[in-house]
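Peer 1: sequence plus the predicted model coming up.
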Amino acid sequence: MRWHLLSTFDQIYIIDLHGNSKKKEVCPDGSPDKNVFDIQQGVSINLFVKTGKKKKGELAEVLHYDLYGERAFKYDFLWANSLETVGFTALGLAAPQYFFVQKDLSAMKTYNDGFAVNELFTVNSVGIVTARDEFTIKSNPLEVQRTIEEFLSMNTENARSRFNLGPDARDWKVEFAKNDLLKSGPDFSNIVPISYRPFDNRYTYYTGRSKGFHCMPRGDVMKHFFKRRNVGLVIPRQTKENVGGFLTEYIIGHKLFSA
């Protein structure tokens, strides 16, 4: 999208008003930074200019300004200034991202000399989606076994009520879960640890079949941890915090990094 904007317009003026409470933004000096509206998402003012003078294949000039501070200060600044008086900085555009914010790209070459995690681990996926965490994930193996035994002893609607399973969804139904458990035995040696939250390992019954006891068990990856010793690298593709990564020897839940 940024590349298309750069190709379409001749000049782009951006006044970044910040105020993103989701990112917990503050001023460069650490003082509070407030949004100009009563919303959580950050705000910016963008002016896209066509002069008709740009050569074919040439990209637009991007002029950027950061405005931090209290709401009243931002209002006063915008009222008192114009494009001629705002101290814009011309951004150096770098492919392929073409960032519309000021970034220090001095280490980019060194970064690009590395390799992506998915190039090292060609088999990868997000974690298991159970669709019913409270029902399928327990604190100890015995609790998992007792839950399954009770669940299988009931008819569909009684089980739905007893375990608060709610309405069936497209990829998780009470009957699907029952059939999956019965098809696998049930074999309680299938009760295995799961990395559920950071430093919070619990237990679940794993079959590896989709639309069963688990909605999406991610069998291509998790089979390498099921009843065998292995080590997995767990890294978020995107995150609001610099949380790094985890190592695990168990199958993992899809919300290991975020609730």
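Peer 2: Looks like it came in fine.

Peer 1: contacts and neighbour counts: CA atoms only from here.
Peer 2: Will do.

Peer 1: helices of the stretch 101-250 of the chain, start to end?
Peer 2: 108-112, 117-120, 133-136, 141-152, 156-162, 174-183, 219-222 (DSSP state H, counting those that start in this stretch).

Peer 1: can you put these in TSV and add distance to Glu84?
Peer 2: Shown next, in TSV, are the helices of the stretch 101-250 of the chain (distance: least, Cα to Cα, whole Å):
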stretch	distance to Glu84
helix 108-112	33
helix 117-120	45
helix 133-136	57
helix 141-152	68
helix 156-162	66
helix 174-183	65
helix 219-222	56
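
Peer 1: out of those helices, nearest to Gln11?
Peer 2: Gln11 sits nearest to helix 108-112 of all the helices of the stretch 101-250 of the chain, at 25.3 Å, using Cα to Cα.

Peer 1: same question for the closest one, mean pLDDT?
Peer 2: Taken as a whole, helix 108-112 carries a mean pLDDT of 86.

Peer 1: how about the strands in the stretch 1-150 of the chain?
Peer 2: 11-18, 43-49, 61-66, 89-90, 137-138 (DSSP state E, counting those that start in this stretch).

Peer 1: who are the packing partners of the lowest-mean-pLDDT helix or strand in the chain?
Peer 2: Least confident helix or strand, the chain: helix 117-120 with a mean of 84, by mean pLDDT, DSSP states H and E. On a contact count with 3 or more Cα pairs under 8 Å, 6 or more residues apart in numbering; DSSP states H and E, helix 117-120 meets no helix or strand.

Peer 1: would you mark the buried spots in that helix?
Peer 2: Within helix 117-120, no residue is scored as buried using 16 or more other Cα atoms under 10 Å.

Peer 1: before we move on, what about stretch 181-196?
Peer 2: 181, 186, 188, 190-196.

Peer 1: let's see which of those residues end up in strands.
Peer 2: 191-196 (DSSP state E).

Peer 1: reformat those as TSV; add distance to Gln97.
Peer 2: Converted to TSV, these look like this (distance: Cα to Cα, whole Å):
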residue	distance to Gln97
Ile191	45
Val192	42
Pro193	40
Ile194	37
Ser195	34
Tyr196	34
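
Peer 1: now the residues you listed as CSV including pLDDT and distance to His4?
Peer 2: Shown next, in CSV, are those (pLDDT from 0 to 100; distance: Cα to Cα, whole Å):
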residue, pLDDT, distance to His4
Ile191, 98, 51
Val192, 98, 49
Pro193, 97, 48
Ile194, 97, 44
Ser195, 96, 42
Tyr196, 96, 41
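
Peer 1: Leu47: which of those residues is nearest?
Peer 2: Of these, the one sitting nearest to Leu47 (Cα to Cα) turns out to be Tyr196, at 45.7 Å.

Peer 1: now the residue nearest to that closest one when sequence neighbours are not counted: how far from Thr130?
Peer 2: In space, and not counting its chain neighbours, Tyr196 is closest to Gly253: 5.0 Å by Cα to Cα, 6 or more residues apart in numbering. Noted for Gly253: a distance of 8 Å to Thr130, by Cα to Cα, to the nearest Å.

Peer 1: same question, Lys56
Peer 2: Noted for Lys56: a distance of 52 Å to Thr130, by Cα to Cα.

Peer 1: the two: which is more packed in?
Peer 2: Between Lys56 and Thr130, counted using other Cα atoms under 10 Å, Thr130 has the larger neighbour count: 22 against 8.

Peer 1: how far away is the more buried one from Asp171?
Peer 2: Separation of Thr130 from Asp171 (Cα to Cα) stands at 10 Å.

Peer 1: and stretch 14-34, what's buried?
Peer 2: 14-20, 25-27, 33-34.
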